[in-house]
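Enquirer: Structure, please.
(chains A, B and C)
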Amino acid sequence: MTIAQISAHGRLRHLLTLEDLDREHIQMIIDRASAYLTKVGQPPAHDTILRGMTVANLFFEASTRTRASFELAAKRLNADVLNLDVNTSSRAKGESVMDTIFTLQAMQIDMFVVRDASTGVPAEIARNVEPHVCVLNAGESEVSHPTQGLLDLMTILEHRPDIENLRIAIVGDIRHSRVARSAYHALTKYGVKELRLVGPPELLPDSSFDGAKLCSDVDEGIRGADVVMALRIQRERFTELGAIPDPQEYARRYGLTPERLAITAPNSIVMHPGPMNRGVEISGEVADGPHSVIERQVTNGMAVRMAVLALAHEHVRDMQGISA
Amino acid sequence: MTIAQISAHGRLRHLLTLEDLDREHIQMIIDRASAYLTKVGQPPAHDTILRGMTVANLFFEASTRTRASFELAAKRLNADVLNLDVNTSSRAKGESVMDTIFTLQAMQIDMFVVRDASTGVPAEIARNVEPHVCVLNAGESEVSHPTQGLLDLMTILEHRPDIENLRIAIVGDIRHSRVARSAYHALTKYGVKELRLVGPPELLPDSSFDGAKLCSDVDEGIRGADVVMALRIQRERFTELGAIPDPQEYARRYGLTPERLAITAPNSIVMHPGPMNRGVEISGEVADGPHSVIERQVTNGMAVRMAVLALAHEHVRDMQGISA
Amino acid sequence: MTIAQISAHGRLRHLLTLEDLDREHIQMIIDRASAYLTKVGQPPAHDTILRGMTVANLFFEASTRTRASFELAAKRLNADVLNLDVNTSSRAKGESVMDTIFTLQAMQIDMFVVRDASTGVPAEIARNVEPHVCVLNAGESEVSHPTQGLLDLMTILEHRPDIENLRIAIVGDIRHSRVARSAYHALTKYGVKELRLVGPPELLPDSSFDGAKLCSDVDEGIRGADVVMALRIQRERFTELGAIPDPQEYARRYGLTPERLAITAPNSIVMHPGPMNRGVEISGEVADGPHSVIERQVTNGMAVRMAVLALAHEHVRDMQGISA
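Expert: Residues are numbered from 1 along each chain as shown, chains lettered A, B, ... in the order given. From the prediction side, this is the model:
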């Protein structure tokens, strides 16, 4: 059963996946996020609208940047913030995820930011919480990372608003990437001209990227591309793969270098979700070069998370009005 | 030497054990806690009275729910909150507990929330801190967990105010349970009609539960009970016990099931301090069923912790007035 | 290349080392810190000047007291605070320190409090951040711990303002001590009469303490001293040293005891940076005795960290004015 992410009042209640979110709601989030951007060197945006609300960051999988980004977003909106890092192994010994959620809900937590290594956990939580409670997916197995997809879309739109004319290449371990899946859903809803998924044959997806073009030759994949997004290659992949014996070999075949960038479109932009393996999937020269918008992705990520929390807060207020 | 938990001005200064607290002061805490309850779906209670005070959560033993509950309670009262998770093994290598306390006290921390696996640590801290500083016991070895005892009492009183007519059964590893000990102290002060301690003979207590009835047959123990409280069974107990070889066998003999509940009093309530081992000491059907008040215990726990912090804050203010 | 710690507008921008800071700026910090002291038992100082700013505590090396002190200092100034404990081993697998910094900077963090086990990391960060961003060193390898040096100096000045008449002895593992190095820089700038570095020959420094007197006989080292600072002896040193087989032997030869203190100057003060190994480098009797100012060091440390954050905030404001 699909969970409704939009409430009966038209509010963003949950953010679980971009797959079921229509373009109008995606645009609503990005517009709100744009309002939270400030100039570099200026104070970050602050808002008091979450004062009195409680946000729990429930990370069943380690994370530094996404956790920091959600935590700061909630604090800058004046929420009370609770961080819970629960590794999956201790979860096995302890109570079920849903019992943890019910316990925290009984402490009157309004919003759960959840990262989990298993598919379906955020939706399961969303299905079972009280009507006023919101669930925000901060990374789910290999299938969904919606705030990442939104920040990627927002960053592309900032630099190339004419998305229906763009050729976008994602390079790396597409098969295991929630980043690629969420980018795919965002970009196809915006009518991207061409989406190319580039990587070693073993790391290309089998299905679930309808309409995208698969490509194991990197030069063919990025030629003429307006946007090139390199994915982090997990070091544990090297042991699994006969075709790619080591990081050096991966870098030689698929790493983004200034030479490779030369065959992309003029003024192409380079993205990476971080954390980067410099010298593997991306060279330091490219990461720090004029094409790179990697730090801008991080700034937009903060704004997207503030936007999502701010929008979800309107659902909580709606429901408080009803139960008052 | 017993530590005075009540100050010369009649304030709750420390909360170390319910054993030495009289009914009047227990009722004062519960009344204050009741004032911090709000309707489900409504914003949680907030208060600014701890603004400018600092609460340190010093957990020498792992905890998720009690730590989260105290942390949120302090934040909702506008305290500055410092979380310190210090595992006991690293404590052995480092400085003494009292040196850690003296260091934090020199940083002008007003209240220490302490959980420790050794008996006597909260009292030792209370004995040595400055006159304005408060110590709140968040779980002490197998002997005391006073906020748990208070939330259990509060939950029972909400559902059954006529406590002197109640039969209450606690089922599980009574011998090693600080939850059972604190419940015992709270309930006996309120004149409970009958307290039954139920569990395998190896897990029944030897003394320290004066006036309670010990019972190793679960059906006898819960028959006609108005309140049944299941305790979490620690998995490490199974290896120690010849009599109870595994969780399945424990569930068969002592687990709370709908069938067993049928012999309790009509409208009996079922409690559990969490985290639950579903299918072991309590079946999922009972945990989620109409008799269960388990989530209400969590909500009341938040309110009790806010109340205890708010009351202790009055002691700090008293002393600041004196030293001003 | 040396990094300018003072901005073009004369503000304290970074605090990396006391070596390059002149006495005037050191005094400025201490004066500001003095303004943040309150009486024992009174509420700690609070200030709202960092409201809207974000401080990240980035600890690549474990710490309890310094982290707690910086965290509370930032909270009492109303900053948004982000704690990141990243151990060095996981750093090796992940992104580079500078990529972590650039990511956090893109989240609009204004001040980085950094502890690292490698020499040069705080300066490398300071060299690369945006012009408005500040870097505060919270402990760097064996070379620098400037807030510790400042709090030590402040504590000495409180008790003995006539520093040019003082004999000060530092006892312990001088060679590996960032505490000793920062104290040396602070004290020599204030014209201390005599600085004696006392310890086993293997733990005395080779150079970098110009003008100090080295001494392996403890009685000779502390005789007539007005200030005696004991350093924490790391337990791992015992395995490296032929000369000092075990803690008991170290205590016998170099531990501060009441008997040893008798040969120091009348009214001498005893200091320790903490955490203490009671019974090793310092006896409990001395630690808790009338000469000890150890807890006062902690209180002054809070004030110093508030002062440094408050001063650095003026640099951030300067730059926001420029980029506005």
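
Enquirer: quick one: residue A:276 and residue C:95 touch, right?
Expert: Yes: the criterion here is CB atoms under 8 Å, and residue A:276 meets it with residue C:95 at 5.7 Å. Heads up, the C-betas are built off the backbone N, CA and C, glycines and all.

Enquirer: Who has more neighbours out of those two?
Expert: More crowded of residue A:276 and residue C:95, by other CB atoms under 10 Å in any protein chain shown: residue A:276, with 22 against 19.

Enquirer: Could you say which helix or strand holds that one?
Expert: Taking DSSP states H and E as the definition, residue A:276 sits outside all helices and strands.

Enquirer: show me what contacts it?
Expert: A:232, A:282, A:287, A:294, C:95, C:99 (CB atoms under 8 Å, 6 or more residues apart in numbering or on different chains).

Enquirer: Kindly recompute the last result at 6 Å.
Expert: Contacts of residue A:276 were listed using CB atoms under 6 Å, 6 or more residues apart in numbering or on different chains, and they are A:282, A:287, C:95, C:99.

Enquirer: cool, residue A:311 as well?
Expert: Taking CB under 6 Å, 6+ apart as the test, what residue A:311 contacts is residue A:12.

Enquirer: likewise the one 3 residues further on?
Expert: Residue A:314 is in contact with residue A:11, counting by CB under 6 Å, 6+ apart.

Enquirer: And what about it, helix, strand or coil?
Expert: helix (DSSP: H, G, I helix; E, B strand; the rest coil).

Enquirer: Could you find the closest non-adjacent residue to residue A:172?
Expert: residue A:231 (3.0 Å; CB to CB, 6 or more residues apart in numbering or on different chains).

Enquirer: on that earlier part again, could the contacts of residue A:276 go into JSON lines alongside pLDDT?
Expert: Formatted as JSON lines, the contacts of residue A:276 follow (pLDDT from 0 to 100):
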{"residue": "A:282", "pLDDT": "98"}
{"residue": "A:287", "pLDDT": "98"}
{"residue": "C:95", "pLDDT": "81"}
{"residue": "C:99", "pLDDT": "95"}
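
Enquirer: from the residues you listed, which single one is nearest residue B:61?
Expert: Closest to residue B:61 out of these is residue C:95 (33.7 Å), distances taken as CB to CB.

Enquirer: ok, residue A:238 - contacts?
Expert: Residue A:238 neighbours (CB under 6 Å, 6+ apart): residue A:246.

Enquirer: Now with 8 Å, please.
Expert: So residue A:238 contacts A:244-247, A:250 (CB under 8 Å, 6+ apart).

Enquirer: before we move on, what about residue A:126?
Expert: Applying CB under 8 Å, 6+ apart, the residues near residue A:126 are A:3, A:14, A:16, A:135.

Enquirer: Go through these and single out the one with the most neighbours.
Expert: residue A:14 (28 neighbours).

Enquirer: check contacts around that one.
Expert: Residue A:14 neighbours (CB under 8 Å, 6+ apart): A:3-5, A:122, A:126, A:134-137, A:312.

Enquirer: quick one on the thing from earlier: would you mind giving the contacts of residue A:126 as a markdown table with secondary structure and pLDDT added?
Expert: Formatted as a markdown table, the contacts of residue A:126 follow (DSSP: H, G, I helix; E, B strand; the rest coil; pLDDT from 0 to 100):
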| residue | secondary structure | pLDDT |
| --- | --- | --- |
| A:3 | coil | 91 |
| A:14 | coil | 98 |
| A:16 | coil | 98 |
| A:135 | strand | 98 |
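
Enquirer: that's a helix at residue A:139, yeah?
Expert: No: Residue A:139 is assigned strand when assessed by three-state DSSP, not a helix.

Enquirer: Hmm, it is touching residue A:69, no?
Expert: No: Residue A:139 is beyond contact range of residue A:69, at 11.3 Å (criterion: CB under 8 Å).

Enquirer: what does the stretch 1-150 of chain A put close to chain B?
Expert: By CB under 8 Å from any CB of the partner chain, the part of the stretch 1-150 of chain A that sits against chain B consists of A:52-54, A:80, A:82, A:84, A:86, A:93-96, A:99-100, A:102-108, A:130-132.

Enquirer: Any quick PyMOL command for the buried ones out of those?
Expert: With 16 or more other CB atoms under 10 Å in any protein chain shown as the burial test, the buried ones among those are selected in PyMOL as follows:
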select buried, chain A and resi 53+54+80+82+84+86+94+95+99+100+102+103+104+105+106+107+108+132
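
Enquirer: Looks like residue A:80 contacts residue B:75 (just checking).
Expert: Yes: with contact defined as CB under 8 Å, residue A:80 reaches residue B:75; the gap is 4.8 Å.

Enquirer: burial measure for residue A:210, as a count.
Expert: 7.

Enquirer: err, residue A:267, not the other one
Expert: Going by other CB under 10 Å, the residues that sit close to residue A:267 add up to 10.

Enquirer: Need phi/psi at it.
Expert: With angles defined as degrees, to the nearest 10, residue A:267 sits at phi 60, psi 20.

Enquirer: contacting residues for it?
Expert: Contacts for residue A:267 (CB under 8 Å, 6+ apart) come out as residue A:226.

Enquirer: How about the one 10 residues further on?
Expert: With contacts defined as CB under 8 Å, 6+ apart, the neighbours of residue A:277 are A:232-233, A:235, A:247, C:95.

Enquirer: which one in the residues you listed is the model shakiest on?
Expert: Taking these together, the minimum pLDDT is found at residue A:235 (77).

Enquirer: ok, it touching residue A:244?
Expert: No: Residue A:235 is not in contact with residue A:244 according to CB under 8 Å; the separation is 11.3 Å.

Enquirer: Give the helix, strand or coil label for the residue nearest the centre of chain A.
Expert: In chain A, the centroid-proximal residue (CA atoms, centre = their mean) is residue A:148; its distance is 1.7 Å. Three-state call for residue A:148 (three-state DSSP): helix.

Enquirer: Against residue B:38, how distant is it?
Expert: Between residue A:148 and residue B:38 the distance is 35 Å, computed by CB to CB, to the nearest Å.

Enquirer: burial of the residue of the stretch 101-250 of chain A found nearest chain C, as a residue count?
Expert: Residue of the stretch 101-250 of chain A nearest chain C, by CB to the nearest CB: residue A:235 (7.3 Å). Residue A:235 has 12 neighbours, counted by other CB under 10 Å.

Enquirer: phi, psi of it?
Expert: In terms of degrees, to the nearest 10, the main-chain angles of residue A:235 are phi -60, psi -30.

Enquirer: Next one: it from residue A:270, what distance?
Expert: 22 Å.

Enquirer: Kindly report the same for residue A:161.
Expert: Residue A:161 is 18 Å from residue A:270, by CB to CB.

Enquirer: neighbour-wise, which of these two wins?
Expert: A direct count of neighbours by other CB under 10 Å for residue A:161 and residue A:270 places residue A:270 higher, at 22 against 10.

Enquirer: The more buried one looks like it's in a helix, true?
Expert: No: the assignment for residue A:270 (three-state DSSP) gives strand, which keeps it out of a helix.

Enquirer: need the contact list for it.
Expert: Per CB under 8 Å, 6+ apart, neighbours of residue A:270: A:228-230, A:256, A:261, A:282, A:286-287, A:289, A:291-294.

Enquirer: That one - nearest residue in space that isn't next to it in sequence?
Expert: That would be residue A:291: by CB to CB, 6+ apart, it lies 4.5 Å from residue A:270.

Enquirer: contacting residues for that neighbour?
Expert: Residue A:291 is in contact with A:261, A:268-270, counting by CB under 8 Å, 6+ apart.

Enquirer: Over to residue A:29?
Expert: Neighbour list for residue A:29: A:12, A:150, A:304, A:307-308, A:311 [criterion: CB under 8 Å, 6+ apart].
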